[in-house]
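Trainee: A structural model of the following input is requested.
(2 chains)
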2 protein chains.
Amino acid sequence: MLGPTVGRLTLCRACGSRCLQQIRSKVLSVDNMNPFVKEMEYAVRGPIVIRAGEIEQELAKGVKKPFNEVIRANIGDCHATGQQPITFLRQVVALCADPVRLMKDPNYPQDAKERAQRILDSCGGKSIGAYSDSSGVRVIRDDIASYISERDGQPASAEDVFLCTGASDGIKSIMKILMTGEGGKNRAGIMIPIPQYPLYTATIAEYNAYPIGYYLDEANNWSLDLDELKRAIDEARPHCQPRAIVVINPGNPTGQVLTKKNIEGVIEFAKKENLFLMADEVYQHNIYAEGSAFHSFKKVLTELGSGYDLELASFMSTSKGYMGECGFRGGYCEFLNLDPGVKAMLLKSISAKLCSSVAGQSAMDVVVNPPRPGEPSYDLFQKEKNTVLNQLHLKATMVTEAFNSMEGLTCNILQGAMYAFPQIFLPPKAIAEAKKQGLTPDAFYCYQLLEQTGICIVPGSGFGQKPGTHHFRTTILPTVDKLKVMLGHFRDFHADFLRKYS
Amino acid sequence: MLGPTVGRLTLCRACGSRCLQQIRSKVLSVDNMNPFVKEMEYAVRGPIVIRAGEIEQELAKGVKKPFNEVIRANIGDCHATGQQPITFLRQVVALCADPVRLMKDPNYPQDAKERAQRILDSCGGKSIGAYSDSSGVRVIRDDIASYISERDGQPASAEDVFLCTGASDGIKSIMKILMTGEGGKNRAGIMIPIPQYPLYTATIAEYNAYPIGYYLDEANNWSLDLDELKRAIDEARPHCQPRAIVVINPGNPTGQVLTKKNIEGVIEFAKKENLFLMADEVYQHNIYAEGSAFHSFKKVLTELGSGYDLELASFMSTSKGYMGECGFRGGYCEFLNLDPGVKAMLLKSISAKLCSSVAGQSAMDVVVNPPRPGEPSYDLFQKEKNTVLNQLHLKATMVTEAFNSMEGLTCNILQGAMYAFPQIFLPPKAIAEAKKQGLTPDAFYCYQLLEQTGICIVPGSGFGQKPGTHHFRTTILPTVDKLKVMLGHFRDFHADFLRKYS
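Mentor: Model prediction:
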């Protein structure tokens, strides 16, 4: 390969001289590639998950392990862990995909056919194979506006909505316009909770922005402490231009559901500090705890009345909730109070992606426009929806109780979402062993768990945690029976681990 | 709103004093938002297309126009202009979406059921609602590798393939890792054809890279002139770090199909200049001209043998070809000869998007794994595929002949793809009138055409053209009957236009 250049001679890296078989050096190496891509980390698909995949392959090849299967509790992938699709949603998507055959099929209910036909009538050439408008199929945006309006008791407009490839894509689109285009202390600063969902740190790294981490208050069930917000922004100001605050409600990985009062406090803070509000509300259907309720930032902001015209973007997805349709990559963003010029630039910016998957948009339509009482699919839809949500409620309780009953583990109440983020109190010997192996203590714990039980969870360091504390994130998605087995193995492992390192 | 700050007092912009009704200024304005987003342009969904949408609304409201409908020849959106979906593709997608009902439906052919079942077996929980691996569903990547291998007579590996949200998304993923993370003359330089597909200039602007435009040789049917490549890179070197060359073959918007010899020349150039090759090959099924054939960069590169281990990324899509399934957002990228560390970073980078739509991936699977002779769906599939391609062939000829028969218009032979990019020789009076209206001359021509005939095409300035020349891009997608009418109206408009401004 091309080695050092001496005078006008380029020496071959392989043999050190000017040989005839000089091997080309690559254009791109890890040393010269995009440094911001290099820096980004995405823990829910990180090295421990890659190791889990290797173990699965070893098992398939007949390698003996103390377990028969890997339990993937690392990612909120509902169907992969056994959740069944909602019939009505799949009927509508199938009807959109193959109307020629299915519109006349008596096995498909009339309400599903009507939903599908309405979507198709709004598509170019009445086909979901046509590009939609960049912001999405018109009637689906109308339905989203109606859904928001019904949810909040406040008006909503299809003009303030665009569909996206999962919520992630919408979040990245909004973050993109928030960038300053400058480096160093002129970089955009984005406030994010710690712990956070790693999409945020990954995107901030990729865009060369500055993450302003604010700690959630673990002692108060992961609520947002306003003094902590102030501390975080004040410390960050010399390093960046603070521009936005991200709130994840219900929380991922932390499972808290914010009170209306807490949201009002955040809005007051954003107003005072002149921040753009980004509300990640993809778990708005996943509320379990007695007394908890979902309050959208939009509703709380609007109810605060005049003077509260803060810029807000809120995100929703088909991937979570009761439907769990991650693979469809459906999502939407509602934005409010944008400067009209900025709105035009945002829409231009998303137009270069052409549009999000129209099949995913159709799935989103069912979520915002489900069967109504009196329609043929209503009863089945309600039954399936409630089954999923009731199971999640049950599993949220099972997981919290199990972790809190183990020595050296504490877990806040899971008020919503689909994850637990317990704190582990690791013995000094375990911490020393982790250090010896070049791992963070929580990663060491998670790797041990994986190798000994096949349970794949993600170390807290992938989400962020207060220095000196250790956590992990697990989903609550395995089926009730499998979760029981998993928690049993977890308990045994944990007891062994503590014995070994105490 | 918040105005200037005097001492510790912030004055209200509305009244100039410290009033109680201070109106907040926006966090984001056009002046302080991401400047690179502001700079990007995406002509195929640009202002003329927005005007076309307004005209449609005016028509719907009963406003009288010299035409009854807008003909959208601005974007390669096959189904929107009347192309019918391929039955087998839609059957497979519908089966994947609703297997519970359709796997036992006797109206669905066995081969479609087998394809769908194989995809589902490779999905988490056997559901297309589960996330796939970031690089895509395993068996679909296997099928892509087989397709490439069969196409080129060269080995291909599923490990070198990832699925993406349309080819656009794959192109952006590869461009992203090519960035240097620096500004000024340390920016990455990306060689792109002029004229080009605006995704490239849009992405380059968004990433703050440097576009190195090389002119295609209009006098030689838009071939790549190697001296021109050299001129372009030499002129650009003081302004950037040249890193990659993009070739679109078959060409968009120019419709040329490169000869093997021409491709070899480009590869030699890239080797000498140490460039990463990006081959946009989404029109590989759209070849019409006698004597033209598609040669993939992969095949030509591999056949050049040892010493030609250049880094290459090639892109394919479900959106074009005979299937035209734009709305499914299916696509793949095959990459070759990447440094292993860079490959790991690329895969990490796409993992933060989780995965592309699994419905889109399923559509892609049908494209690379169509019915084989002897299978129940083979005959119908072939018939539908050939009908589409034959019609496109006919329309390519119709369009070229029509434009070349008009005074002051010349159009190269459409060897492939789905567009014509004729040159218009505009009279000085028309150029003066355009200037008066603040428009480029080609945009003025296109706006006049739209307002007088309802035909929506895109000015050449949106794709790039040699200074002093004027072009437009039109698709060849309207149905044969509609295209005849469109070309008739075009001819009348063009004659009137020349008369008016001569």
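Trainee: helix/strand/coil for the spatially most central residue of chain A?
Mentor: By CA atoms, centre = their mean, the mean C-alpha position of chain A lies nearest to residue A:197, the distance being 5.8 Å. Following DSSP: H, G, I helix; E, B strand; the rest coil, we place residue A:197 in the coil state.
Trainee: is residue A:277 in a bridge, and if so with what?
Mentor: Following DSSP bridges, residue A:277 is listed with bridge partners residue A:245, residue A:312.
Trainee: Tally up the residues packed near it, please.
Mentor: Residue A:277 has 25 neighbours, counted by other CB atoms under 10 Å in any protein chain shown. Where you see a C-beta, it was placed from the backbone N, CA and C, and this is true even at glycine.
Trainee: Distance check, the residue lying closest to residue A:465 once chain neighbours are set aside against chain B.
Mentor: Distance criterion CB to CB, 6 or more residues apart in numbering or on different chains; nearest residue to residue A:465, sequence neighbours excluded, is residue A:471 at 5.1 Å. In this view, residue A:471 and chain B are 21 Å apart by CB to the nearest CB, to the nearest Å.
Trainee: Residue A:471 - that's part of a strand, no?
Mentor: Yes: the assignment for residue A:471 (three-state DSSP) places it in a strand.
Trainee: Now do the same contact list for it.
Mentor: Residues counted as contacts of residue A:471 (CB atoms under 8 Å, 6 or more residues apart in numbering or on different chains) are A:195, A:421, A:422, A:423, A:424, A:442, A:459, A:460, A:463, A:465.
Trainee: quick one on the thing from earlier: return the per-residue confidence for the closest residue to the residue nearest to the centre of chain A other than its chain neighbours.
Mentor: Spatial nearest neighbour of residue A:197, excluding adjacent residues (CB to CB, 6+ apart): residue A:252 at 4.6 Å. If you check residue A:252, the pLDDT there is 93.
Trainee: And residue A:252, its phi and psi?
Mentor: phi -120, psi 120 (degrees, to the nearest 10).
Trainee: follow-up on the earlier one: pull the contacting residues for the residue nearest to the centre of chain A.
Mentor: With the criterion set at CB under 8 Å, 6+ apart, residue A:197 makes contact with A:248, A:252, A:253, A:280, A:463.
Trainee: any idea which of the residues you listed is the one closest to residue B:429?
Mentor: residue A:280 (56.6 Å; CB to CB).
Trainee: count of residues packed around that closest one?
Mentor: Quick note: residue A:280 (other CB under 10 Å) scores 28 neighbours.
Trainee: just to revisit the earlier point, which one of the contacts of residue A:197 is nearest residue A:167?
Mentor: residue A:280 (6.9 Å).
Trainee: Which residue, other than its chain neighbours, is closest to that closest one?
Mentor: residue A:248 (4.3 Å).
Trainee: right, is stretch A:213-229 up against chain B?
Mentor: No: Stretch A:213-229 stays clear of chain B (CB under 8 Å from any CB of the partner chain), getting no nearer than 16.0 Å.
Trainee: Next, count neighbours for residue A:100.
Mentor: The burial count for residue A:100: 12, using other CB under 10 Å.
Trainee: next one: residue A:436
Mentor: Neighbours of residue A:436 (other CB under 10 Å): 9.
Trainee: got the residue ranges for the strands in the stretch 351-500 of chain A?
Mentor: With DSSP state E, counting those that start in this stretch, the ranges of strands along the stretch 351-500 of chain A come out as A:409-410, A:419-420, A:423-424, A:455-456, A:458-459, A:470-475.
Trainee: Just send those strands back as JSON lines, with distance to residue B:342 and mean pLDDT too.
Mentor: Converted to JSON lines, the strands of the stretch 351-500 of chain A look like this (distance: least, CB to CB, whole Å; pLDDT from 0 to 100):
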{"stretch": "strand A:409-410", "distance to residue B:342": "40", "mean pLDDT": "96"}
{"stretch": "strand A:419-420", "distance to residue B:342": "33", "mean pLDDT": "95"}
{"stretch": "strand A:423-424", "distance to residue B:342": "36", "mean pLDDT": "96"}
{"stretch": "strand A:455-456", "distance to residue B:342": "27", "mean pLDDT": "95"}
{"stretch": "strand A:458-459", "distance to residue B:342": "25", "mean pLDDT": "92"}
{"stretch": "strand A:470-475", "distance to residue B:342": "29", "mean pLDDT": "95"}
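Trainee: Between the ones you listed, which one is closest to residue B:105.
Mentor: So among the strands of the stretch 351-500 of chain A, strand A:470-475 is nearest, using CB to CB, at 34.2 Å.
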